[in-house]
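**Q** Below is the sequence, then the predicted model.
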Amino acid sequence: MPIHFGTDGWRAVISDTFTFHNLRLVTQAIADAIGSGDWHVPDTSGRSVDPRKMVVGFDTRFLSDRYAAEVARVLAANGYTVYISQADAPTPAISYAVRHLGAIAGVVITASHNAPRYNGVKLKAAYGGSALPEQARRVEVYLNDNEERGRGPNMMDWEQARRAGLIERFNPIPAYYDHLRTLIDFDRIAERPQRIVVDSMHGAGREVIRGILKGTGCEVHEIRGEMNPGFGGTHPEPIARNLSALAGAIGTGLGDMGLATDGDADRIGAMDGRGQFVDPHQIMSLALRYLVEERGWRGPVVRTVSTTRMIDRLAQRYGLKVYETPVGFNHIADYMLKEDVLIG
């Protein structure tokens, strides 16, 4: 079966390779890998982790909610208690829920910024970040082993699992908002409220930025915030060529700046008041400068080979060490688990 886990899981074309049948097989391999005893990565934060608790989330793509329900059924049949999001939610909110709920891992049904015909699985480890490469390889080992042995997935009826307390619906957003309020000074934002256009690109970030900014005095106008599994015929990737709608909204006076999130809201782009695109490389550089100069924080910086060398120049100015990794959140997470990384 042509299923391979990449830097953040598995993606494939819906109804081609990404089918209910294959998803159940992948979920069974995830359940087996996590239950093997060699899965948990020690967490230095002192949190307790429940080895039989899992979190499941999903984005706005075609059938993502149904796929997520199938994942929950397989995990429940393997003895896991599954907390599944009530509605589509940003991947960062699900990642935080894994930590907040003390789960051993999380599964997000999403193909991120890929074209609408794709869907996929993102696998999250107990610390909330992407599963490490060795964890993804372990899933592949069980996937291939189960196929060779002709072993199908364990399945449990949805209502039976609900009655048994093995599947619970939850809303990940309130706890995520509470966490963000410990990181961001919203009082400072309220001192100089902005007029902001938010382009959710029909993805899982819809209403989330507007919601967290309530009470700050900011005027937030959201575009492309309705459910549209086809993403309006474009790739839900916040890069300049896909953001003409955002530039148009700013140009007509709906806001003085713009923010755009991708299909599962774990990527961001921005625009200034003239409709000029501000890419994630610039955003990360600005964030690094802010953390050092305004907050006085220090620590090593981690970037992938594809990230701007502006990071290196800033780190040299501040006397910070820089680590370079292959592309993929999991490689960055590896360093963040080992050291007190400032930003990655």
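**A** Received the coordinates, thanks. Numbering: from 1, shown residues only.
**Q** Could you say whether the nearest residue to residue 173 once chain neighbours are set aside sits in a helix, a strand or coil?
**A** Counting by C-beta to C-beta, 6 or more residues apart in numbering, residue 93 is the residue found nearest to residue 173 once chain neighbours are left out, at 6.0 Å. For glycine as for every other residue, the C-beta is placed from the backbone atoms N, C-alpha and C. For residue 93, the assignment made with DSSP: H, G, I helix; E, B strand; the rest coil gives helix.
**Q** switch to numbering from 40
**A** That works, and once the first residue is 40, the last one we named lands at residue 132.
**Q** Burial check on residue 132, number of neighbours?
**A** 27 (other C-beta atoms under 10 Å).
**Q** And the pLDDT at it?
**A** For residue 132, the pLDDT comes out at 98.
**Q** Tell me who's in contact with it.
**A** Listed by C-beta atoms under 8 Å, 6 or more residues apart in numbering, the contact set of residue 132 reads 96, 211-212, 215, 247.
**Q** mind redoing it with 10 Å?
**A** By C-beta atoms under 10 Å, 6 or more residues apart in numbering, the contact set of residue 132 is 96, 124, 139, 147, 210-216, 218-219, 243-244, 247, 303-305.
**Q** For residue 220, see how far away residue 301 is.
**A** For residue 301, the distance to residue 220 (C-beta to C-beta, to the nearest Å) stands at 24 Å.
**Q** Filter the contacts of residue 132 down to just the ones in helices.
**A** 139, 212-216, 218-219, 247 (DSSP state H).
**Q** ok, back up a step: of residue 301 and residue 220, which one has the most company?
**A** For residue 301 versus residue 220, neighbours defined as other C-beta under 10 Å are more numerous around residue 301 (28 against 11).
**Q** Need the nearest residue in space to that one, chain neighbours excluded.
**A** What sits nearest to residue 301 in space, not counting adjacent residues and going by C-beta to C-beta, 6+ apart, is residue 152, at 4.1 Å.
**Q** Helix, strand, or coil at the one you found?
**A** Strictly by three-state DSSP, residue 152 counts as coil.
**Q** How many neighbouring residues does it have?
**A** 21.
**Q** pretty sure it contacts residue 281?
**A** Yes - contact criterion C-beta atoms under 10 Å: residue 152 and residue 281 qualify, at 9.1 Å.
**Q** what's the overlap in contacts for those two?
**A** 240, 270, 274-275, 301.
**Q** show me where the stretch 140-289 of the chain has strands.
**A** Taking DSSP state E, counting those that start in this stretch as the criterion, the stretch 140-289 of the chain carries its strands at 142-148, 157-164, 206-209, 234-238, 258-262.
**Q** Could you dump these into JSON lines with mean neighbour count added?
**A** Compiled in JSON lines, those are given as follows (neighbours: other C-beta atoms under 10 Å):
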{"stretch": "strand 142-148", "mean neighbour count": "27"}
{"stretch": "strand 157-164", "mean neighbour count": "26"}
{"stretch": "strand 206-209", "mean neighbour count": "16"}
{"stretch": "strand 234-238", "mean neighbour count": "23"}
{"stretch": "strand 258-262", "mean neighbour count": "18"}
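**Q** and residue 354, which of the ones you listed is closest to it?
**A** Among the strands of the stretch 140-289 of the chain, strand 157-164 comes nearest to residue 354, with 26.8 Å by C-beta to C-beta.
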